[in-house]
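Novice: Have a look at this fold, sequence not included:
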Ligand SMILES: Nc1ncnc2c1ncn2[C@@H]1O[C@H](COP(=O)(O)OP(=O)(O)OP(=O)(O)O)[C@@H](O)[C@H]1O
Ligand SMILES: [Mg+2]
């Protein structure tokens, strides 16, 4: 075997008393796809950033052969620029001293077509839903053609078909000699697409294996250091209509004529490729957007609302982009735990904040959701992505909500944490909450949903009950092949 | 706007040391010994009761608009318009002080209220524009500064002649309509403790009230705040109204406490220096008080530097400018020393 393209020796990274990465050795050789797994907060992103030279290690040695590209977990894109501009930024093709916009656009469309990561090159990045932004982030790194490519949870918000296409692209790149390190929480992807796998647990390597000679159970046990929590049983609930949507749509037509009902004690899954009206649907229900058609909650017509009134009547959302739409990153766990509930009488004393109530609430979320944080005074920016997400989910489930609108609630969180979120969602369902679950993960939908609707091109193209879930059929509707 | 981090004490100290060093070099270049220069600065600003009082008069004049700027900033808005809000507040106070009948204390309260209301009104224009059209509040407040100055000029040569205005100012206030002096023989009035109380009130508002929580959310993470049910357009109007009221109150205290009349030249740019004061004070009221004292020392000591040490006025302006640069460099300093 040749010398590894990326060689990490004895890497340590400490944040105060936290040892985020604790003496890790890792090799990635040209031509391989190497998977890196681990729980939330295991140190994967930290290690990836150190490998890519974006973060200085406290100690240890790094050797790289050639250039390295990093697809970040929380992307850094210029929102005010167009897709193609973001992709070529820093590597703009030039004609004389000027940017050759035409060549750049062509290069980006070509790359998008070749890799199956379709996205409109002229769209403004800030207008894109998170799944499309993820594609842009990946395209940007692919465009630079690095010899080592590190991808931090690139498939978390991609639809299964897109994830397949991405892995096919990665395989082609690796055959052409690129060394690839990919962080993922999807163990089935590890077995299907990786050559080797390394598992981290609290900063240390707990497993190194050939993907062909291991199992998801082995990897999962190495990740969590034990067995996974079990899902609670789905209680049989008498389904009373909770939220009824009649022909709702948005003015821009990205969501059209959606009619559906969600029962109290029912999880309705929304399947579809990202960008087919999901974020519009969530925004309409959350009161973030004007809409046509009518909504009724427990039989009462809902006025075209704003988020405040929706929260007040018990409709809570779990936003897709937790760092932008769900949290104030510079704030503590405690303050974030109160966000959205700030006006609730339980959380204030007249016009003043009730600091004791807030801290109790934060502690409750931390305990119930096993949030790994040094303290409730820690800024959420210092928590790993999965732990941030647990706060967002925990907050939405407090104060007896009537409806939960969840947009990819287990995006980027490890199997242990995802199992916990799933368990809490099923408990909420059993307690009579109506849940709208938008997800890009069919496994998740099949596990949780009582019924499914498929969104394609902004309309509901298919609806079916749990007994009739059929993967190929739903996949065909998602891809717009059936109608 | 959340990027304006509330930094750590150590980097502030390093920035202050760097500032003193650069100021020394500037003085050397200007042909003065830094020791003589700083000695003159100290003598002119804290060298005696009178000097200390005068420093605190300057501190007070800066503190109101600095708190105003910080308040808007914490809500996510860059209010460059404190200067204009201060002028309008001063004008309103000058007019009310001249025409309102009744005993002195009532007139004083009426003047301060008029100043706050005037400033609030002026600020609300900018906030309303921002809320309604989403335009840049920077441009709006900048334009409103110019308009405020023109309006004040026009008022004192035009309609206010009817109440006796001439040569750019309203008539002198009767002595019982001026703010009570707290240090005999100086110009230091109750405006100073009022400003301190206001700083404390703002700190309390931001840290402990639900409305303050919402305001900080809007400033630190507008998208998340909107989803948390915080009405951003309303917040813009509210933040600008309060910000304007604070600056306008400051203008009123200058009229009622220092000049005893409204004069078109009432502010030598307090509303602009206040931006630096607010930023150096980390947008946090207790630290803004400290920053205002620092800038007050510079303001009142600069005359002594000019007359005793022959440091040109421009050098003082330079130091103020450098303070902003040092502030901007703080994050770099923090990173280099981490
Ligand atoms: N800037 C920081 N300051 C302090 N602690 C940090 C910082 N960044 C990360 N950490 C801590 O380091 C540990 C590793 O975090 P990291 O983001 O690498 O985890 P991860 O494995 O990528 O998790 P996830 O799957 O949730 O993305 C966590 O305990 C986290 O709280
Ligand atoms: Mg991570």
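Specialist: Structure's in. What do you need? For clarity, every value in this text was computed on a predicted model and none was experimentally measured. Numbering: from 1, shown residues only, chains lettered A, B, ... in the order given. Ligands and ions are numbered 1, 2, ... in the order given.
Novice: what's the span of stretch B:164-174, first residue to last?
Specialist: 14 Å (Cα to Cα, to the nearest Å).
Novice: Most proximal residue of the stretch 101-250 of chain B with respect to chain A?
Specialist: The nearest approach of the stretch 101-250 of chain B to chain A comes at residue B:229, 3.4 Å away (Cβ to the nearest Cβ). Yep, even glycine has a C-beta here, placed from its N, CA and C like the rest.
Novice: got a list of what that residue touches?
Specialist: Taking Cβ atoms under 8 Å, 6 or more residues apart in numbering or on different chains, we find residue B:229 in contact with A:306, A:307, A:308, A:309, A:310, A:311, A:312, A:340, A:343.
Novice: Need the pLDDT of it.
Specialist: If you check residue B:229, the pLDDT there is 95.
Novice: Which secondary structure state does it sit in?
Specialist: Following DSSP: H, G, I helix; E, B strand; the rest coil, the label given to residue B:229 is coil.
Novice: Now it. Nearest residue, chain neighbours left out?
Specialist: Closest residue to residue B:229 apart from its sequence neighbours, by Cβ to Cβ, 6 or more residues apart in numbering or on different chains: residue A:308 at 3.4 Å.
Novice: which sections of chain B are below the confidence cut-off?
Specialist: Across chain B, the ranges flagged by pLDDT under 70 are B:1-12, B:320, B:323-324, B:327-338.
Novice: chain center to the top helix by length along chain B: distance?
Specialist: Taking DSSP state H as the criterion, chain B has its longest helix at helix B:104-133. Here helix B:104-133 is found 15 Å from its chain centre; the criterion is Cα atoms, centre = their mean, to the nearest Å.
Novice: and after that helix, which helix or strand comes next?
Specialist: Remark: after helix B:104-133, the chain's next helix or strand is helix B:137-157, criterion DSSP states H and E.
Novice: Return the angle between stretch directions for that next one and helix B:104-133.
Specialist: Helix B:137-157 runs at 140 degrees relative to helix B:104-133, counting by axes from the mean of the first three to the mean of the last three Cα atoms, to 10 degrees.
Novice: Show me what counts as buried in helix B:137-157.
Specialist: The neighbour-count check on helix B:137-157 (16 or more other Cβ atoms under 10 Å in any protein chain shown) flags B:137, B:140-145, B:147-149, B:151-152, B:155-156 as buried.
Novice: just curious, which of the residues you listed is nearest to ligand 1?
Specialist: residue B:137 (31.9 Å; Cβ to the nearest ligand atom).
Novice: Run a quick check on the closest one versus residue B:79, I expect a contact.
Specialist: Yes - using Cβ atoms under 8 Å, residue B:137 is in contact with residue B:79, at 6.8 Å.
Novice: what's the overlap in contacts for those two?
Specialist: By Cβ under 8 Å, 6+ apart, residue B:137 and residue B:79 have these common neighbours: B:72, B:126, B:240.
Novice: now, which of the residues you listed sits nearest ligand 2?
Specialist: For the shared contacts of residue B:137 and residue B:79, the minimum distance to ligand 2 (Cβ to the ion) is 35.7 Å, reached by residue B:72.
Novice: my guess is that closest one is in a helix, correct?
Specialist: Yes - Residue B:72: assigned to a helix according to three-state DSSP.
Novice: Please determine how far it is located from ligand 1.
Specialist: Using Cβ to the nearest ligand atom, to the nearest Å, residue B:72 is found at 29 Å from ligand 1.
Novice: go on, residue B:247?
Specialist: 37 Å.
Novice: which residues touch that residue?
Specialist: B:64-65, B:68-69, B:81-83, B:85-86, B:89, B:119, B:123, B:271, B:274.
Novice: Not counting its neighbours along the chain, what's nearest the residue of the stretch 301-450 of chain A found nearest ligand 2?
Specialist: Closest residue of the stretch 301-450 of chain A to ligand 2, Cβ to the ion: residue A:385 (4.9 Å). Nearest non-adjacent residue to residue A:385, counting by Cβ to Cβ, 6+ apart: residue A:412, 4.8 Å away.
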